[in-house]
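S.K.: Give me a model of this one.
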Amino acid sequence: MPGSLEHAVAEIDRQESLDQETANAHQYDDEAFEAWFAPIADAAAELEFAPFGTADTCSPAYRVPAHIRRFVELRDEHCRYPGCSRGVKYCEADHVIPWGTPGGHTTPSNLQLLCKRHHRVKTAKRWSVTMTRDGDCTWTSPTGSVHITRPALTLS
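M.R.: Residues are numbered from 1 along each chain as shown. Below you'll find the model as predicted:
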């Protein structure tokens, strides 16, 4: 009978059983981990774990080379604007320090992914952003509030 002590105990037992089934279904799977990690390892190998800003990870061109774009996609996973989760396929590579200015290199430590909307917001200078070599972005709003976004992947 719903509302009775016996019903409550039966419901708790049912939930615990479901929780155990869910846990069993999500046990660590070596093959699934390898499938998830392989692209990350490949991108890191392409960059040869070279320090950011070396010839292997820095391009003199504005256009982002495929191996650097791939690394930034794996690192960021989505738009880096605070609170945005648009996926990488909807994002553009943004030079945090504008390309062609001192420090504005095409290198992972100066690139972030932004969806088109937030790329325009940043380019219009409504928000400002700085980035650490590890990929942490510090965003400052027009009102002065500060928001930090961290990359999904770090190699340190």
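S.K.: pLDDT below threshold where in this protein?
M.R.: 1-57, 154-156 (pLDDT under 70).
S.K.: how about 80 then?
M.R.: Residue ranges of the chain with pLDDT under 80: 1-62, 153-156.
S.K.: quick one, helices of it?
M.R.: Assigned by DSSP state H, the helices in the chain fall at 5-25, 30-46, 66-76, 116-123.
S.K.: ok, residues contacting the last one?
M.R.: Contacts of helix 116-123 with the rest of the structure, by CB atoms under 8 Å, 6 or more residues apart in numbering, involve 79, 81, 84, 90-92, 94, 114, 127, 129. In short, each C-beta sits where N, CA and C put it, glycine included.
S.K.: Count the neighbours of the residue nearest to C58 when sequence neighbours are not counted for me.
M.R.: Distances taken as CB to CB, 6 or more residues apart in numbering place T107 nearest to C58, at 4.3 Å, with adjacent residues excluded. By other CB atoms under 10 Å, 20 other residues sit near T107.
S.K.: What of K125?
M.R.: 8.
S.K.: Contacts only, for it.
M.R.: Contact analysis of K125 by CB under 8 Å, 6+ apart lists nothing.
S.K.: What separation is there between it and Y62?
M.R.: For K125, the distance to Y62 equals 19 Å [CB to CB, to the nearest Å].
S.K.: same thing with P142?
M.R.: For P142, the distance to Y62 - CB to CB - is 27 Å.
S.K.: sorry, back to before: quick check, the residue nearest to C58 in contact with I68.
M.R.: Yes. With contact defined as CB atoms under 8 Å, T107 counts as touching I68 (7.2 Å).
S.K.: that older thread, sort out for me which of the contacts of helix 116-123 are in strands.
M.R.: 91-92, 94, 114, 129 (DSSP state E).
S.K.: Pull out the buried members of these.
M.R.: Neighbour-count burial (16 or more other CB atoms under 10 Å) applied to these gives 91, 94, 114, 129.
S.K.: now the residues you listed as JSON lines including distance to C58?
M.R.: Listed next are these as JSON lines, based on distance: CB to CB, whole Å:
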{"residue": "C91", "distance to C58": "21"}
{"residue": "D94", "distance to C58": "16"}
{"residue": "L114", "distance to C58": "20"}
{"residue": "V129", "distance to C58": "20"}
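S.K.: Distance of P98 relative to R70?
M.R.: 23 Å.
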